[in-house]
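Student: okay, predicted coordinates and the sequence, questions at the end:
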Amino acid sequence: QVQLVESGGGLVQAGGSLRLSCAASGRTYSINAMGWFRQAPGKEREFVSAISWSGGSTYYADSVKGRFTISRDNAKNTVYLQMNSLKPEDTAVYYCAAKRGPIAVNVEYDYWGQGTQVTVSS
């Protein structure tokens, strides 16, 4: 099993920045990719960004390209999501996820964190 704990959410004004962190523990050797997803009230969970654990390949949703940056620190088993130029439509619960298989932009990940709230005020 892999446990994921997110941190770094909060309330920020439009145009501001936040950095989310996701610390992985347990059988981290089984992780091949990690991703960030978000879910706004009344909406389905959607892909935000993903990174391969070893090769550093990254993917982004069109809605966050140029504003969000995903990175990883393998020594700390931690993935980060730097979010800049935040907009009110970025408001959601952000979830970290880990995957044993190939990196993917869908929700078919094996392990999920409990989520952290990000609220962007206008």
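Tutor: In hand now; what should we look at?
Student: could you use CA atoms for every contact and neighbour count after this?
Tutor: Fine.
Student: can you tell me what sits against stretch 31-48?
Tutor: The contact list for stretch 31-48 (C-alpha atoms under 8 Å, 6 or more residues apart in numbering) reads 49-54, 60-61, 64, 79, 81, 91-107.
Student: try stretch 20-30
Tutor: Residues outside stretch 20-30 that contact it (C-alpha under 8 Å, 6+ apart): 1-9, 76-83, 96, 100.
Student: out of those, which end up buried?
Tutor: 2-7, 9, 77-81, 83, 96, 100 (16 or more other C-alpha atoms under 10 Å).
Student: name the nearest residue to Thr91, sequence neighbours excluded.
Tutor: Spatially, and ignoring its direct neighbours in sequence, Thr91 is nearest to Thr119 (4.6 Å; C-alpha to C-alpha, 6 or more residues apart in numbering).
Student: now the one you found: which helix or strand?
Tutor: strand 116-121 (DSSP states H and E).
Student: note down every partner strand of that strand and its orientation.
Tutor: Here strand 116-121 has these sheet partners by DSSP bridges: strand 10-13 (parallel), strand 92-99 (antiparallel).
Student: C-terminal to the first one, what's the next element?
Tutor: Proceeding N to C from strand 10-13, the next assigned helix or strand is strand 18-26, under DSSP H and E.
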